[in-house]
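Engineer: sequence-free structure coming up:
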């Protein structure tokens, strides 16, 4: 593996590519439904089409919701394509829109994660639209580690271990 230029936390999602350049804005909102309130949306260059991941106050993890921002109405309010289900208040992170397409404009990343016997990771490699299942069938991780270091990945759709870092080598 070559030297990397950035390390980006991976959001495991069937709809969101590995975020580039990572979260552009984090905050908390006291409203439910399709309206999110906070401060600094305009100064952070949040735009329609970006993705927002919401979670319980204090933590955002794999079980959270991911929505698409359809409009930034002001510096303190934005509108989502679908309503937030969890109860307010909630924390959120906003990621650049890099991701409806799995084929365009994405050079991919090498993944770094803890490897345990029985680990399964589902990824969409660069230039593909179908996911690939990579598993370690109890052999101690060497094979899975070698495979992950060779594949350029654009999206992680499922992972037994939520702690995954994408290494950008471009």
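Structural biologist: Cool, got the structure. Predicted model only: the values in this text are computed from it and were never measured.

Engineer: helix or strand with the lowest mean pLDDT in the chain?
Structural biologist: Here the helix or strand of the chain ranked lowest by mean pLDDT, DSSP states H and E is helix 142-150, holding a mean of 67.

Engineer: and the next helix or strand past it?
Structural biologist: strand 153-159 (DSSP states H and E).

Engineer: what residues does that next one touch?
Structural biologist: 10-14, 16-18, 99, 102, 106, 108-111, 113, 120-126, 131, 164, 166 (C-beta atoms under 8 Å, 6 or more residues apart in numbering). Quick note: C-beta positions are derived from backbone N, CA and C, even for glycine.

Engineer: paired strands for the helix or strand that comes right after that strand, with orientation please.
Structural biologist: Remark: after strand 153-159, the chain's next helix or strand is strand 164-168, criterion DSSP H and E. Partners of strand 164-168 in the sheet, by DSSP bridges, are strand 6-9 (antiparallel), strand 110-113 (antiparallel).

Engineer: now, of those strands, which is deepest in the fold?
Structural biologist: Mean neighbour counts were taken over the strands paired with strand 164-168 using mean count of other C-beta atoms under 10 Å, and the top value, a mean of 20, falls to strand 110-113.

Engineer: let me see the mean pLDDT of that strand.
Structural biologist: The average pLDDT for strand 110-113 rounds to 85.

Engineer: C-terminal to that strand, what's the next element?
Structural biologist: Scanning forward in sequence from strand 110-113 by DSSP H and E, the next helix or strand is strand 120-125.

Engineer: tell me the buried residues in that following strand?
Structural biologist: For strand 120-125, burial by neighbour count (16 or more other C-beta atoms under 10 Å) applies to 121, 122, 123, 124, 125.

Engineer: may I have the beta-bridge partners of the last one?
Structural biologist: Spelled out, it's residue 125. With DSSP bridges as the rule, residue 125 is bridged to residue 153.

Engineer: give the contact list for it.
Structural biologist: Contact analysis of residue 125 by C-beta under 8 Å, 6+ apart lists 108, 132, 151, 152, 153, 154.

Engineer: going through these, which ones are buried?
Structural biologist: Buried among the contacts of residue 125 by 16+ other C-beta under 10 Å: 108, 152, 153, 154.

Engineer: now the residue lying closest to residue 31 once chain neighbours are set aside: how far from residue 93?
Structural biologist: Among residues not flanking residue 31 along the chain, residue 37 sits closest, at 5.0 Å (C-beta to C-beta, 6 or more residues apart in numbering). For residue 37, the distance to residue 93 equals 15 Å [C-beta to C-beta, to the nearest Å].

Engineer: for residue 169, same thing?
Structural biologist: From residue 169 to residue 93 the distance is 24 Å (C-beta to C-beta).
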